[in-house]
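Q: can't give you the sequence, but here's the structure:
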């Protein structure tokens with residue numbers, strides 16, 4: 001019975017992490033797409049890439065879902081490396097902007 005409590009906690013944590021990832025990715029990508037699509041915000045692809053519901057759906061279907069289908073966790077080692085490099089780059093840029 002105690003195992004079910006831990007399983008529920010892991011599922012809740014995973015769902016929360018997924019939601020946080022989607023919100024963070026929207027907050028990062030929305031201004032980028034907004035700048036790329038100046039004057040085209042009212043087209044179907046402009047709405048798809050700048051509105052929260054649509055961009056979150058695109059990210060969930062084309063990024064999160066394929067990642068969740070891997071059979072072996074070692075398949076994600078290159079993706080993890082890219083993510084770690086991205087975090088390090090972000091830290092360097094943030095420190096540079098604070099100093100200058």
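A: That came through, no problem. This one's a predicted model, so the numbers in the text were calculated from it and none came from an experiment. Numbers count the residues shown, from 1 in each chain.
Q: Between the two ends of stretch 47-56, what distance do you get?
A: 12 Å (C-alpha to C-alpha, to the nearest Å).
Q: so how far is that stretch from its chain's centroid?
A: From the chain centre to the centre of stretch 47-56 is a distance of 13 Å (C-alpha atoms, centre = their mean, to the nearest Å).
Q: what's that stretch in contact with?
A: Here stretch 47-56 makes contact (C-beta atoms under 8 Å, 6 or more residues apart in numbering) with 22, 23, 25, 26, 29, 30, 33, 34, 37, 41, 58. For every residue, glycine as well, the C-beta is placed using N, CA and C.
Q: and the gap between the second one and residue 59?
A: Computed with C-beta to C-beta, to the nearest Å, the distance linking residue 23 and residue 59 is 10 Å.
Q: now the helix or strand harbouring residue 28: mean pLDDT?
A: In this assignment (DSSP states H and E), residue 28 forms part of helix 2-36. For helix 2-36, the mean per-residue pLDDT is 88.
Q: Name the next helix or strand downstream of that helix, please.
A: Next along the chain after helix 2-36, taking DSSP H and E as the criterion, comes helix 44-50.
Q: between the following helix or strand past that next one and helix 2-36, how many degrees?
A: Remark: after helix 44-50, the chain's next helix or strand is helix 52-59, criterion DSSP H and E. Put simply, helix 52-59 runs at 110 degrees to helix 2-36, going by axes from the mean of the first three to the mean of the last three C-alpha atoms, to 10 degrees.
Q: list the buried ones in helix 52-59?
A: 55, 56, 59 (16 or more other C-beta atoms under 10 Å).
Q: What is the nearest of those to residue 15?
A: If you rank the buried residues of helix 52-59 by distance to residue 15 using C-beta to C-beta, residue 56 comes first, at 13.9 Å.
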